[in-house]
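>>> sequence first, predicted model second:
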Amino acid sequence: MFNLERWQEIFETLSKNKLRTFLTGLSVASGIFILVILLGFSKGIENGVKSQFEQDATNEVSVWTGVTTKGYKGLNPGRYIQLKNSSFEAVENEYDDYLEYSSKDYMIWGGTVSYNNESGDYRVRGTMPDNQFIENADMGSGRFISQSDIKSGKKVAVIGNKMKTDLFKGVDPINENIQIFGMNFKVVGVYYDPGGDREESQVYIPVTTAQRVFNAGENIRNMSFTVKMADDFDEAVAMSAAVSEGIQQKLQEIHTVAPDDVSAVRVFNTLEEAKKIYSLIATIQAVFWFVGIGTIIAGIVGVGNIMLIIVKERTKEIGIRKALGAMPMSIVGMILQEAVFVTMFSGLFGLIFGLGLLELVGPQIESDFIKYPQVDFNVALITVFLLVFSGAIAGFIPAYRAAKIKPIVALRDE
């Protein structure tokens, strides 16, 4: 039940020591403010990392090759390992039961692409239909490379939205011809990519066409796969790791590479990397919670101290109340209510200020690994609960001591 006299008494007590009350409240507000900011930025880090993984499929296994660093079976080091169509087919046949999508690429890094009077240097990738799903490419218009294009070696192209903006200047590019190193290719699709301009500044053509027009023969630059996902994340990571290791061993065997020569055949597993980074994020969040709660505890200790001082100053008053028949629980309730009020008011101020700052500053942060720092509703509720709980803890010991004061002793207090 609302007791106006009780609240008037609380405000009167606090107003007698304005500076002490302000400094105590400031310590609590600072603790909550720091906690909110730390949790907001930990969420921003999580969002940033997730956005990086969204650029490609999370369960991707990609294969690149380099130069051997060790001699093996009579072969000297310094050999460049050239992937072939047969390399891709061997891996695909061996692990077909575990693979969801698969693609091989032949890539030209700086290809001159032009349309009418506009031109630019873009990455040209000969690829396969499954690459659309491996790269998370979303078709804005038209279609992606088809199996028919691969079989026929057609001169068709799928361009990124950035390339469309650069070259076509508002013209619909579908069925228009672009020139890649002077060769005509018909545009059959425009795609969007979560990776943004960097990923949208490339053009896809059938891999068979790329091998033919660039005189690559059977050569490919790299190969990519996605592993079928299990329901359990740890099980999926284990399966992906096993497939990655198997692919590496298979290619080392095919190309006569030493098993411990990690530079010659490089297999990158995004699912394993995702688990490592998410584990790191969880650790960072735990550290942030620890630091934030530590600052709150420092503020709560301040509240506890001020309540002890208030109880000491009001010892005679408490004795009179008890002599007039006040029950111990009413004394406890009075002190607890005062402690919870100071904690709640200061804490809510720190909470609101922290949330407001995140809303104001968050959208201005431009970083690949920190995006939209924010505190969700559930965390805000937990913070409010912490405020109430902390206020009660801060006031309990002083309240308990006040309730134990004997009236005769209190009345003799100076």
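Looks like it came in fine. Numbering: from 1, shown residues only.

>>> please state the backbone phi and psi of Gly126?
Gly126 adopts backbone torsions of phi -80, psi 120, taken as degrees, to the nearest 10.

>>> how about the helices in the protein?
Taking DSSP state H as the test, the helices found in the chain are 4-16, 18-54, 85-94, 131-134, 147-152, 161-168, 197-200, 207-213, 233-254, 270-313, 315-323, 328-361, 377-404, 407-412.

>>> quick check: domain ranges of this structure?
4-52+276-412, 82-254 (automatic domain parsing).

>>> comparing the ones you listed by mean pLDDT, which bottoms out?
Ranked on mean pLDDT, the bottom entry among the domains of the chain is domain 4-52+276-412, at a mean of 71.

>>> rewinding a little: out of the domains of the chain, which is closest to Thr270?
Nearest to Thr270, of all the domains of the chain, is domain 82-254, at 8.4 Å by CB to CB. (Glycine included, C-beta is placed from N, CA and C.)

>>> endpoints of that closest one, how far apart?
11 Å (CA to CA, to the nearest Å).

>>> equivalent analysis for stretch 191-210, please.
Termini of stretch 191-210 sit 19 Å apart (CA to CA).

>>> all numbers from here: first residue = 7
Taking 7 as the first residue, the last one we looked at is stretch 197-216.

>>> sort out which residues of that stretch are buried, please.
197-201, 205-216 (16 or more other CB atoms under 10 Å).

>>> repeat for stretch 170-177
Buried-residue list, stretch 170-177, by 16+ other CB under 10 Å: 170, 172-174.

>>> and it, how far out from the chain middle?
Relative to its chain's centre, stretch 170-177 lies at 33 Å (CA atoms, centre = their mean, to the nearest Å).

>>> contacts for that stretch?
The contact list for stretch 170-177, computed with CB atoms under 8 Å, 6 or more residues apart in numbering, reads 119-121, 124-126, 165, 179, 182, 184, 196, 207.

>>> by neighbour count, sort out the buried ones in those residues.
Buried, going by 16+ other CB under 10 Å: 119, 121, 165, 179, 182, 184, 196, 207, out of the contacts of stretch 170-177.

>>> number of nearby residues for Val67?
Per other CB atoms under 10 Å, the neighbour tally for Val67 reads 28.

>>> CA atoms only: put the longest strand anywhere in the chain into CSV for me.
As assigned by DSSP state E, the longest strand anywhere in the chain is strand 105-121. In CSV, the C-alpha atoms belonging to strand 105-121 read as follows (Å, rounded to 0.1, in the frame of the first residue of the first chain):
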residue,chain,number,x,y,z
LEU,A,105,28.4,-32.4,-49.5
GLU,A,106,25.4,-30.1,-50.1
TYR,A,107,26.8,-27.8,-52.8
SER,A,108,30.0,-27.9,-54.8
SER,A,109,31.7,-25.7,-57.3
LYS,A,110,35.1,-25.2,-59.0
ASP,A,111,36.4,-21.8,-60.1
TYR,A,112,38.7,-20.4,-62.7
MET,A,113,39.4,-16.8,-61.8
ILE,A,114,40.9,-13.7,-63.5
TRP,A,115,41.5,-11.0,-60.8
GLY,A,116,41.7,-7.9,-63.0
GLY,A,117,39.5,-8.4,-66.0
THR,A,118,38.6,-5.5,-68.2
VAL,A,119,34.8,-5.4,-68.6
SER,A,120,33.1,-2.7,-70.7
TYR,A,121,29.6,-1.8,-71.9
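
>>> so what secondary structure elements neighbour that strand?
On a contact count with 3 or more CB pairs under 8 Å, 6 or more residues apart in numbering; DSSP states H and E, strand 105-121 meets helix 91-100, strand 124-133, helix 137-140, helix 167-174, strand 183-186, helix 213-219, strand 225-226, strand 228-233.

>>> distance to Phe347 added to the buried residues of stretch 170-177, as JSON lines?
Below are those laid out as JSON lines (distance: CB to CB, whole Å):
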{"residue": "Lys170", "distance to Phe347": "61"}
{"residue": "Asp172", "distance to Phe347": "62"}
{"residue": "Leu173", "distance to Phe347": "66"}
{"residue": "Phe174", "distance to Phe347": "65"}
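
>>> now do the phi/psi pair for the spatially closest residue to Met113 that is not a sequence neighbour.
For Met113, ignoring the flanking residues on the chain, the nearest one in space by CB to CB, 6 or more residues apart in numbering is Arg227 at 4.6 Å. When read as degrees, to the nearest 10, the backbone of Arg227 gives phi -90, psi -40.

>>> let me see the contact set for Arg227.
Counting by CB under 8 Å, 6+ apart, Arg227 makes contact with 70, 89, 111-113.

>>> for Gly195, the count of nearby residues, please.
21.

>>> for it, name its beta-bridge partners.
With DSSP bridges as the criterion, Gly195 is bridged to Gly148, Val164.

>>> what sits against it?
Here Gly195 is in contact with 145, 147-150, 164-165, 180 (CB under 8 Å, 6+ apart).

>>> just these now: which is nearest Val381?
Met145 (36.1 Å).

>>> distance of that closest one relative to Ile180?
When distance is defined by CB to CB, to the nearest Å, Met145 is 11 Å away from Ile180.

>>> name the residues contacting each of the two.
195-196.

>>> give the buried residues for stretch 86-95.
Buried residues in stretch 86-95 (16+ other CB under 10 Å): 87, 89, 91, 93-94.

>>> any chance of those residues in CSV, plus distance to Ile290?
Compiled in CSV, the buried residues of stretch 86-95 are given as follows (distance: CB to CB, whole Å):
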residue, distance to Ile290
Ile87, 38
Leu89, 38
Asn91, 44
Ser93, 40
Phe94, 39
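
>>> most widely separated two among the residues you listed?
Going by CB to CB, the pair spanning the buried residues of stretch 86-95 furthest: Ile87 and Asn91, at 14.7 Å.
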